[in-house]
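> output the structure for:
(2 chains)
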Amino acid sequence: MTRPRRGIHRHRRAFQLTFLALFLVLLTLTVWPLGSVYLGAFLAADPLIAANSVTNGAVLPIMALALVMIALPLVLGRAFCGYVCPLGTLIELTGGTHRASRLSPKTRERLRRLPVLVLVACLGLMLFATGSFLLIDPLSTVTRTATVLLYPALDRMLRLTGDVLYLAPFLRPAVDAATSIAAGRLIFSTPLVFGMQLFALALFAGILGLSWFEPRLWCRDVCPLGALLGTVGRGAIVGRRVDTAACIECGRCRQVCPLDAVGPDFHSTDTSRCQLGLECADVCPPNAISVGLRPAKDNPAPSRRAFLGVAAASLTAGFFAYAGLGRRGRDPRLVRPPGAAQEGALLALCSRCGQCMKTCPTNVIQPRGLDGGLLETFTPYMDFRVGSCDWSCNECGKVCPTGALTALPLAEKRKTRIGRAYIDRNRCIPWADGKTCLVCQELCPVPEKAIVITPAETRKPDGSTVAIGRPEVVAERCIGCGVCENVCPVPHRSAVEVFALGPDELDG
Amino acid sequence: MERRDFCRLIGVGCAIGCAGGLAGCARALEWSQAQHAREGAQQRMAPPRAETPTAAPAEQSTATAVESEPPAPQRFPDLAVFTGTDPGDNVAAALTALGGMERFVGRGDRVLVKPNVLTARAPEYAATTNPQVVGALVRLAYEAGAAEVVVLDNPTAPPRQAFEVSGIGDAARTAGATVKVLTARNFERVRIPEGRVLTSWPLVTDVFESDVVINVPIAKTHGLAGLTMAMKNLMGIMGGTRGLVHQDFHQKIVDLNTLVRPHLVVLDAWRQLMANGPSGGSLADVRESRTVVVGTNQASVDAFGATLFGMQPSDLEYLRLAAEQGLGQTDLSALTIRKGTS
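Have a look, this model is predicted:
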């Protein structure tokens, strides 16, 4: 028996696709020059990211949105997960909704108790200033994956398409015009490159792959944001209600629920799971299911032992990370973007979303690799052979949703020292080869150039001497933007390299 | 087979087909580029000057000079140096003294304007050509009958950023020009037959395909060149690893100028960067001279440009080499110069 479906939930897929499209549009607009609309701080509406920022002492106005988000499950269940979350949409599109589970009933019952534990683990890390757990935040994951995989792939495909079309001479003006429009937005003067692509891909594929065991297993049992919303959902005031008088206890609702949120008595609901998709209402023969006040609840609780165990483990792990026991000496080449918080605060705050990398017009901001340990993984750093910090740009701080990077006014950013350049006299062309070169000095952007050319009698390798200008760095003027390292014509490894400042130099 | 399966099969087939096709195209392109590289650099010539009366000095004539010299019914000065109150009007006035834009641009011509868009700097810093000067030239070219005006450069910053921050993108588009962002496919390795050191280099193909090339540099200091003006500005049409050009710098600038000889040279000195060039960054180094130098010969324009900095043409190594190789008259006393105000 089918009944015409009524209610807004009929359009759930449309909601999902719209929000996914909106998310990608906002992310696509997160590019130099930032207009008034871009993803940026919207990510701080993610209560998990906002909670982490607040815990670590960074408060942005946009976080008021996170307050709304966190209160929503009281009246709407986890509707965010089912209607809005872009990762949830991608998981549903790839993994389906109504497939039989490959897990044993016992495992399923255990997993049911997992979300609270995931949340406890996150809180433990949060308290000890360890932001690594945001690597599996759903919104951060989508942003990061699109930044390092989708846009570089798009860049290359558009470029290649242009190259192919360019073979037909009559199409060239059109290709040139299209390239000029897309330049700096979708196609970049040098193709976008990012490290850690395989890592991002593996993480993303792993999350999508969980659907193999059971559709939406990730959303239901693992996702930390889902766990947070679900925990609030336990106190739901509004939710799925069954008219017990009308109910014929046929069990279709329990059968059809993709989230397994209907209790064994068919009347109660696991309000920490229910996303108000209301598929149960559509199939209920007597039409006994509606949304109303004070729903009957059937929320699982983890055992006290498991709860305490995970709490202790996460606090220990957090403390371990906080105390720096896991950190090696700092990489001397680890230069952070301008406006970056102190190293410890940055590691605590950074949402690992990669938006700073997305918006950087020179591609200099790169994700930190695994060699810095899990704590540093995917935090931003500057790879000056890829690009350099442009003197007229301060966009990375504007898009940061956490305060890990502060938005510096341009005038201030131009004076902010992030590193210091050193000339390698063994590789520098005038110093080592006795030939003229001054590209580093030519393009040094600080008003009074930080690289000066000093004329000197230089002994060439063959013993002869030549009068030549040799570049030298004036330390007080250098801000570490890395233009010199980027433009140095010495191949592969530049003859002028920017190193991180010592802890005492940072303020000076 | 069920309909659903059939659709899925078609979908997967299309995806594999597209991926395969794209990969195939990529390989084919790579192969054709390799063939191209094996054949070596192309011989390309800048287009001849438009068929309008000119009065180019005789000493410009060299074996491969692209500047044809038909008998001159009217005598124009070699250089027009104007100062004024508006950058755009000033250029127009200077150009009128030189015979007007009609002398250079004919009806239906494709015009290329090459400003100096070194990097992303606001115009006040005088690191990039004044946008109003570029805008005025575009407008004048259209008024003279140009079919299309293209503004391009190969900046050191990301191109879109450089064009937008410098204001040149906006000014050019407002005047109706196409701002062209260059990618690898706009460059071709070109032979430079008269080059002494630089014998071939990847150059922007548009330079050779346009009917008229207008070079619009800004007057700045430069650590290695001394000053960067018209001749050095042509480095902006170079692709490849430009950092390598800086060895034997002066000769290479001259070599490039033996091949590419813009039809019209407009040296923007509305603002001059007096120190810390070419990128500048401090308003203290900027001098507002409200001047423009217009001519038809790169070396002659630069020779006068040197005087704007209180230098002599002979102070610049590349100008010495240019004169020696017959690229143009750098002796200011031998040039007819029309000075004026607008």
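> neighbours around the closest residue to chain B within the stretch 51-200 of chain A, how many?
Using Cβ to the nearest Cβ, the closest approach of the stretch 51-200 of chain A to chain B is made by residue A:184 at 3.1 Å. Any C-beta I mention is one placed from the backbone N, CA and C, and that applies to glycine too. Residue A:184 sits with 21 neighbouring residues when counted by other Cβ atoms under 10 Å in any protein chain shown.
> same check on the one 10 residues further on?
The local packing of residue A:194 (other Cβ under 10 Å) involves 21 other residues.
> got any ranges where chain A has weak pLDDT?
A:1-5, A:324-328, A:504-508 (pLDDT under 70).
> now the residue positioned nearest the centre of it: how far from chain B?
Centrality entry for chain A: nearest residue to the mean C-alpha point is residue A:353, 1.3 Å, by Cα atoms, centre = their mean. Distance, residue A:353 to chain B, using Cβ to the nearest Cβ, to the nearest Å: 22 Å.
> residue contacts, residue A:350?
Taking Cβ atoms under 8 Å, 6 or more residues apart in numbering or on different chains as the criterion, residue A:350 is in contact with A:131, A:134, A:378-380, A:402, A:404.
> correction: the previous question concerned residue A:24.
Per Cβ under 8 Å, 6+ apart, neighbours of residue A:24: A:86, A:146.
> so residue A:446 touches residue A:477, yeah?
Yes - applying Cβ atoms under 8 Å as the test, residue A:446 and residue A:477 come out as touching, 5.5 Å apart.
> counting neighbours, go ahead and name the busier of the two.
The neighbour count for residue A:446 versus residue A:477, taken as other Cβ under 10 Å, is higher for residue A:446 (20 against 15).
> give me the three-state assignment for that one.
coil (DSSP: H, G, I helix; E, B strand; the rest coil).
> burial measure for residue B:2, as a count.
7.
> pLDDT wise, what is it at?
What the model reports as pLDDT for residue B:2 is 81.
> buried sites along stretch A:367-385?
A:367-368, A:372, A:375-384 (16 or more other Cβ atoms under 10 Å in any protein chain shown).
> before we move on, what about stretch B:4-20?
Neighbour counts using 16+ other Cβ under 10 Å place no residue of stretch B:4-20 among the buried ones.
> export it as PDB, just CAs?
Only the C-alpha atoms of stretch B:4-20 are listed here, as PDB (Å, rounded to 0.1, in the frame of the first residue of the first chain):
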ATOM      1  CA  ARG B   4      19.300   0.100 -14.300                       C
ATOM      2  CA  ASP B   5      22.300  -2.100 -15.100                       C
ATOM      3  CA  PHE B   6      22.300  -0.900 -18.600                       C
ATOM      4  CA  CYS B   7      22.400   2.700 -17.600                       C
ATOM      5  CA  ARG B   8      25.100   2.000 -15.100                       C
ATOM      6  CA  LEU B   9      27.100   0.200 -17.900                       C
ATOM      7  CA  ILE B  10      26.700   3.100 -20.200                       C
ATOM      8  CA  GLY B  11      27.700   5.500 -17.400                       C
ATOM      9  CA  VAL B  12      30.900   3.600 -16.500                       C
ATOM     10  CA  GLY B  13      31.700   3.100 -20.200                       C
ATOM     11  CA  CYS B  14      31.400   6.800 -20.800                       C
ATOM     12  CA  ALA B  15      33.600   7.600 -17.800                       C
ATOM     13  CA  ILE B  16      36.300   5.200 -18.900                       C
ATOM     14  CA  GLY B  17      36.000   6.500 -22.500                       C
ATOM     15  CA  CYS B  18      36.500  10.100 -21.400                       C
ATOM     16  CA  ALA B  19      39.400   9.300 -19.100                       C
ATOM     17  CA  GLY B  20      41.000   7.200 -21.900                       C
END
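> and that stretch, does that touch chain A?
No - using Cβ under 8 Å from any Cβ of the partner chain, stretch B:4-20 stays clear of chain A, coming no nearer than 9.7 Å.
> and the closest residue to the residue of the stretch 51-200 of chain A closest to chain B other than its chain neighbours, what is it in contact with?
In space, and not counting its chain neighbours, residue A:184 is closest to residue B:160: 3.1 Å by Cβ to Cβ, 6 or more residues apart in numbering or on different chains. Residues counted as contacts of residue B:160 (Cβ under 8 Å, 6+ apart) are A:32, A:183-185, A:361, B:169, B:181.
> relative to residue A:131, how far out is the residue of the stretch 51-200 of chain A closest to chain B?
30 Å (Cβ to Cβ, to the nearest Å).
> got it, and residue B:110?
Counting by Cβ to Cβ, the gap from residue B:110 to residue A:131 is 55 Å.
> who's more crowded, these two?
Between residue B:110 and residue A:131, residue A:131 has the larger neighbour count (other Cβ under 10 Å), namely 27 against 16.
> please name the residues that touch that one.
A:52, A:56, A:125, A:347-352.
> can you redo those as CSV with secondary structure?
Listed next are those as CSV, based on three-state DSSP:
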residue, secondary structure
A:52, helix
A:56, coil
A:125, helix
A:347, helix
A:348, helix
A:349, helix
A:350, coil
A:351, coil
A:352, coil
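> which of those ranks first by neighbour count?
Going by other Cβ under 10 Å, residue A:350 tops the contacts of residue A:131 with 31 neighbours.
> what sits closest to it if chain neighbours are left out?
That would be residue A:404: by Cβ to Cβ, 6+ apart, it lies 4.0 Å from residue A:350.
> which bits of the stretch 101-250 of chain B sit near chain A?
Counting by Cβ under 8 Å from any Cβ, the stretch 101-250 of chain B comes close to chain A at B:119-122, B:156-161, B:164-165, B:178-183, B:185-186, B:222-224, B:241, B:243-244, B:246-249.
> thank you kindly, that will do.
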